[in-house]
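# Starting from these lines, generate the structure:
(2 chains)
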2 protein chains.
Amino acid sequence: MPHASDRFQAITDTVNRYIAALAEGSVDDLVDFYADDATLEDPVGGEVHIGTTAIRGFYSVLAGLQRESELVSLRVAGNEAAFQFRLTVTAGEHKTRVEPIEVMAFDDRGKVTSMKAYWSQADATQL
Amino acid sequence: MPHASDRFQAITDTVNRYIAALAEGSVDDLVDFYADDATLEDPVGGEVHIGTTAIRGFYSVLAGLQRESELVSLRVAGNEAAFQFRLTVTAGEHKTRVEPIEVMAFDDRGKVTSMKAYWSQADATQL
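All right, here's what the predicted structure looks like:
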């Protein structure tokens, strides 16, 4: 991604595809956004998942759940993005909505090298 | 800040005071939020300002401007916060609004050790 405007657009597209994949993607689709040695901290202050196997484990909990997602706001700067989104998860009769702010850093190939999700129980709503 | 709930409330209070200071505070008020060896990257991808003198230089450009600010959303997690806010700056007849997402990390004393501001020209509006 040599030009700043190309990089900006590439990161914008990737975040939009990631938000769509949170709702409709497979675990493999989600893992594919990440570089092999990426780190994932969700929520910030919790365990840091390092590398493909750990990241796959993190996303695998979503596999059996009905999910909806929506991008609320996105800011792209340098090789990074910060974005707020809504994720609604349904498990049987239980429906929960969280609205985190996430930060991702990207490598030159457009893969996520670092993801941090900012939210707490105070941001989770039972619907 | 030994207890998680105390820390959560302290960080929440600090971010709200920071947003108020962006509109009404002096340069000293803004610098006072930061630890002595803090880093400030605004926007992300630009120069990293390191330490009190550099951070004072960064905020000094705000001193002569009329400013309004408003917190849009805040997420606190661990020792960090991510928040979106609106800053409107008036210089003569020119009024500009930016709406960044910022991330701050805090030390045990509640001082900011790292600030990163996510925004680009695409997020600046001439009013």
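# Could you list the contact residues of chain A toward chain B?
A:8, A:43-46, A:73, A:75-84, A:99-101, A:103, A:116-120, A:122-123 (CB under 8 Å from any CB of the partner chain). Using the backbone N, CA and C atoms, a C-beta is placed for each residue, glycine as well.
# What subset of these is buried?
A:8, A:43-45, A:75-84, A:99-101, A:103, A:116-120, A:123 (16 or more other CB atoms under 10 Å in any protein chain shown).
# Name the residues that touch the longest helix belonging to chain A?
In terms of residue count, the longest helix belonging to chain A (DSSP state H) is helix A:4-24. With CB atoms under 8 Å, 6 or more residues apart in numbering or on different chains as the test, helix A:4-24 has contacts from A:1, A:29-30, A:33, A:62, A:67-71, A:74, A:76, A:79-81, A:83, A:85, A:87, A:104, A:106, A:110, A:112, B:120, B:122.
# Now it: buried residues?
In helix A:4-24, counting by 16+ other CB under 10 Å, buried: A:7-8, A:10-11, A:14-15, A:18-19, A:21-22.
# again, but for stretch A:60-67
Result for stretch A:60-67 [16+ other CB under 10 Å]: buried residues residue A:62.
# Between its first and last residues, how far does it reach?
13 Å (CA to CA, to the nearest Å).
# Sort out which residues of the lowest-mean-pLDDT helix or strand in chain A are buried, please.
In chain A, the helix or strand scored least confidently by mean pLDDT, DSSP states H and E is strand A:124-126, which has a mean of 91. Going by neighbour count (16+ other CB under 10 Å), nothing in strand A:124-126 comes out as buried.
# and it, how far out from the chain's middle?
With CA atoms, centre = their mean, to the nearest Å as the basis, strand A:124-126 stands 19 Å off its chain's centre.
# For that strand, give me every contacting residue.
A:94-98.
# quick revisit: just the ones of the contacts of helix A:4-24 in helices?
Filtering these for helices - DSSP H - leaves A:29-30.
# quick one on the thing from earlier: relative to chain B, which of the buried residues of helix A:4-24 is nearest.
residue A:8 (6.9 Å; CB to the nearest CB).
# Nearest residue to the middle of chain A?
Most central in chain A under CA atoms, centre = their mean is residue A:18, positioned 6.2 Å from the mean C-alpha point.
# on that earlier part again, per-residue confidence averaged over the longest helix of chain A?
If you average the pLDDT over helix A:4-24, you get 95.
# Tabulate the CA atom coordinates of it in CSV.
Extracted in CSV, the C-alpha atoms of helix A:4-24 (Å, rounded to 0.1, in the frame of the first residue of the first chain):
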residue,chain,number,x,y,z
ALA,A,4,-1.4,7.3,1.7
SER,A,5,-4.8,7.6,-0.1
ASP,A,6,-4.7,3.9,-1.3
ARG,A,7,-3.7,2.8,2.2
PHE,A,8,-6.6,4.9,3.7
GLN,A,9,-9.1,3.3,1.3
ALA,A,10,-7.7,-0.2,1.8
ILE,A,11,-8.0,0.1,5.6
THR,A,12,-11.5,1.5,5.3
ASP,A,13,-12.5,-1.4,3.1
THR,A,14,-10.9,-4.0,5.5
VAL,A,15,-12.7,-2.6,8.5
ASN,A,16,-16.1,-2.7,6.7
ARG,A,17,-15.4,-6.3,5.6
TYR,A,18,-14.4,-7.2,9.2
ILE,A,19,-17.7,-5.8,10.6
ALA,A,20,-19.7,-7.7,7.9
ALA,A,21,-17.7,-10.9,8.8
LEU,A,22,-18.6,-10.5,12.5
ALA,A,23,-22.2,-11.0,11.5
GLU,A,24,-22.0,-13.4,8.6
